[in-house]
Structure formats: C-alpha cells, structure tokens
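A.B. asks: could you look at this predicted model? Sequence included:
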Amino acid sequence: MLEELKREAFEANLQLPGNGLINLTFGNASAIDRSRGIFAIKPSGVDYEVLRDEDMVLVDLDGKTVEGKLNPSSDTPTHRRLYLGFESIGGVVHTHSSHATAFAQAGKAIPIFGTTQADFFHGEIPVTRRLTAEEIAGAYEWETGNVIIERFKGIDPADRPGILVNRHGPFTWGPTVAKAVEAAVAVECCAHMALMSLRLDPDLPEIETELLNRHFKRKHGPNATYGQTSR
C-alpha cells in the first residue's frame, strides 16, 4: 500500500509541470494514507525531469521521516499542518503558478466573477494574512499552515479547496491528490481570467449569489447533477 501511495504522489507531482503550474523545482504534491497516518511527498529540490516514484519520501503526522533516502520538501510542515487541520483531505498541492501567485504577492483574494470559478469554489479564493516577523523567524513552514487554518475558520475546506498564502503562492487540496492537482489547475485558470476581466472592467462586480449557488451545487453536495450516475 505504501508503494501505491508513493506512486500516487509521484504521478501528481509530474502533473504540475505538465499543466504549466511549475517553473524550475518550485512546488510539490503529497498524498496521505489516513489509516496509517503517513503521507508521501516530493523530495526537496529534485528536478521534475529526473524525479522517480521511489524518490518520494514517507513522513508521518508527527513529522518524522519513516522511509526515504532524500530530504522531504521544505514545505512538508505545511502539508502536515493541513492534514491535521483538515481531516477530510487526502492530498495537498503547492505551486507558484504565475497568475495565482501574482494575486498572492499582492495580498489579494481572487474575486469570483463567473461560473467557471463557481464550478469549483463556493466564493472567492481567499488569501491569508501576512505572517508576522516572529512567525517567519520561527517555525516558518508550520506557521504557513497555521495561517491557512486560521483563514478557514467558519469555511468548509471542501467548499473552497484552495487558498493564496500572502506574499507566497497557492495551496490546494482535495479528497485525493489528483483532485488537489485539479484544484491547482482551476486556481491558476481562475486567476488568469480574473486578471483579464479586471483589465476589461476594473469595477466589475462579483457574480450574482443565485448564479454562484446554482453552478456550485450542480457539481457538489447531495443534490449534484453534473456527470454520470453509476448504473
């Protein structure tokens, strides 16, 4: 099962440059086995072109490496914090995709202008507050996870499977790491469209609540109608 977990994380990591979300070695993806409390994550600084499934590092929820010859991603504490804080998620992705990161660097949420975003996110894609000097000097990566959890107080992470970390970039998640990759693609797509929409109309209002709810609930929740039902 752990070999399958590493393969799942490996394939998700390869999807990041494949979808244009990664430059150089920025970013990472991880997948968790909840029954064992172990997640597989990309090793730190390894080029995607030479990455292998056996390179994935296994880490437990106490932060201890349980298998792997390489150092895990420097963002491992952030992934671990999200797994502890969002108990329903099965995968986490972090990228520095250009348009989403532009919003993050500006400290701006991605406003919701249309139905494309409403298909994935029940509202804007939020942004965290800036980390304090003390948080940056301390357990920085863990504190990055903390500000994400803090921002999601009162928000269901299943309703908005992604966030922008102020001055940093996007993190996404899902019930599987494949869904977390899908959310990362959606975040970048929505960020790009939002920027273009704002160029056309800097005063563009956000989507009507009725249209937002209609599109989101078509794909999510007990009354979803999108896709095929099993026969």
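C.D. replies: Good, I have the coordinates. Numbering: from 1, shown residues only.
A.B. asks: bridging residues for the residue most central in space within the chain?
C.D. replies: Per CA atoms, centre = their mean, the C-alpha nearest to the average position across the chain is that of Thr172, at 1.1 Å. Beta bridges link Thr172 to Val93, Gly162 when assigned by DSSP bridges.
A.B. asks: quick check: it touching Pro161?
C.D. replies: Yes. Taking CB atoms under 8 Å as the definition, Thr172 is a contact partner of Pro161 at 5.7 Å. All C-beta atoms are positioned from the backbone trio N, CA, C, and that covers glycine.
A.B. asks: between those two, which contacts overlap?
C.D. replies: Ala180, Ala183 (CB atoms under 8 Å, 6 or more residues apart in numbering).
A.B. asks: quick check: mean pLDDT across stretch 176-183?
C.D. replies: Averaging pLDDT along stretch 176-183 gives 98.
A.B. asks: list of residues touching that stretch?
C.D. replies: 8-9, 12, 15-16, 19, 29-31, 89-93, 120, 161-162, 172-174.
A.B. asks: looking at these, which are in strands?
C.D. replies: Of these, the ones assigned to strands by DSSP state E are Ala29, Ser30, Ala31, Gly91, Val92, Val93, Gly162, Thr172, Trp173, Gly174.
A.B. asks: and the next element down the chain from the host helix or strand of Cys189?
C.D. replies: Here Cys189 sits within helix 177-200, counting by DSSP states H and E. Next in sequence after helix 177-200, counting helices and strands by DSSP H and E, comes helix 209-219.
A.B. asks: pLDDT of that next one, averaged?
C.D. replies: For helix 209-219, the mean per-residue pLDDT is 91.
A.B. asks: what residues of that helix count as buried?
C.D. replies: Along helix 209-219, these residues count as buried under the neighbour rule (16 or more other CB atoms under 10 Å): Leu212, His215, Phe216, Lys217, Arg218.
A.B. asks: for Thr78, helix, strand, or coil?
C.D. replies: Following DSSP: H, G, I helix; E, B strand; the rest coil, the label given to Thr78 is helix.
A.B. asks: gap between it and Asn223?
C.D. replies: Separation of Thr78 from Asn223 (CB to CB, to the nearest Å): 34 Å.
A.B. asks: Glu135 sits in which helix or strand?
C.D. replies: helix 133-137.
A.B. asks: who touches that helix?
C.D. replies: Residues outside helix 133-137 that contact it (CB under 8 Å, 6+ apart): Glu143, Asn146, Val147.
A.B. asks: let me know the closest of the residues you listed to Ala100.
C.D. replies: Distance to Ala100 across the contacts of helix 133-137 (CB to CB) is lowest for Val147, with 16.7 Å.
A.B. asks: now the closest one. Nearest residue, chain neighbours left out?
C.D. replies: Take Val147 and drop its neighbours on the chain: the residue closest to it by CB to CB, 6 or more residues apart in numbering is Thr128, 4.2 Å away.
A.B. asks: contacts only, for the one you found.
C.D. replies: So Thr128 contacts Val147, Ile148, Glu150, Arg151, Ile163, Leu164, Val165, Asn166 (CB under 8 Å, 6+ apart).
A.B. asks: want to throw the buried residues of helix 209-219 into CSV with distance to Ser35?
C.D. replies: Shown next, in CSV, are these (distance: CB to CB, whole Å):
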residue, distance to Ser35
Leu212, 36
His215, 35
Phe216, 31
Lys217, 31
Arg218, 32
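A.B. asks: nearest to Asp47, of those?
C.D. replies: Of all these, Phe216 has the smallest distance to Asp47: 37.8 Å, by CB to CB.
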